[in-house]
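**Q** give me coordinates for this.
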Amino acid sequence: MKISSGFRSLAVAAIAAAGASFASAAHADSGTIRFAVYKAAFFVGGSGGDGTLTFHGRRYPISIGGISGGLAFGASKTYFKGTVRHIRRAQDVTGVYGAAGGGGALGKGAQVIVMTNDKGAQLELTGKQVGLQINADISGMSITVK
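**A** Below you'll find the predicted structure:
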């Protein structure tokens, strides 16, 4: 059976592209992240905070900012900690993360959230919330490595 050179070239290119994409995913790494976020809302909300990314044994300061819209009332502070996956360097954490969710806290509450940015960095976070907050909203959070 004879295979045309055009088909052979296409097959080789497809295999090479798949191998490059597999190799880049295989070299991605993970780290840990901790930060505190202050949030206040009356339909439209704002949030801000700071924390630390630990990656390859080094600590990087990070800053957090965000907005939300929907049904949201109150003020709270949430302490997040978790894992960041699929990064090759600390700066891959920088970006905008979006989420839709709901919850509430009267005194104390808890949150679990998974978010991804445009570079493919994935945050898997748990949080302890303190304050008075009720929300069913869409929110965006920006993380910057300082």
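**Q** mind picking out the helix or strand in the chain with the poorest mean pLDDT?
**A** helix 5-26 (a mean of 47; mean pLDDT, DSSP states H and E).
**Q** what about residue 76, how many neighbours?
**A** Here the count is done by other C-beta atoms under 10 Å, and residue 76 has 25 residues near it. Any C-beta I mention is one placed from the backbone N, CA and C, and that applies to glycine too.
**Q** can you pull the contacts of it?
**A** 38-39, 105, 109, 129-133 (C-beta atoms under 8 Å, 6 or more residues apart in numbering).
**Q** filter the residues you listed to the buried ones?
**A** Burial by neighbour count, judged by 16 or more other C-beta atoms under 10 Å, picks out 39, 105, 109, 129, 131, 133 from these.
**Q** tabulate these (TSV), appending pLDDT, distance to residue 74 and secondary structure.
**A** Formatted as TSV, those follow (pLDDT from 0 to 100; distance: C-beta to C-beta, whole Å; DSSP: H, G, I helix; E, B strand; the rest coil):
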residue	pLDDT	distance to residue 74	secondary structure
39	87	8	strand
105	61	8	strand
109	71	11	strand
129	84	10	strand
131	86	6	strand
133	76	4	strand
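**Q** quick check: of those, which lies closest to residue 32?
**A** residue 129 (19.9 Å; C-beta to C-beta).
**Q** what separates that closest one from residue 121, distance-wise?
**A** Distance, residue 129 to residue 121, using C-beta to C-beta, to the nearest Å: 23 Å.
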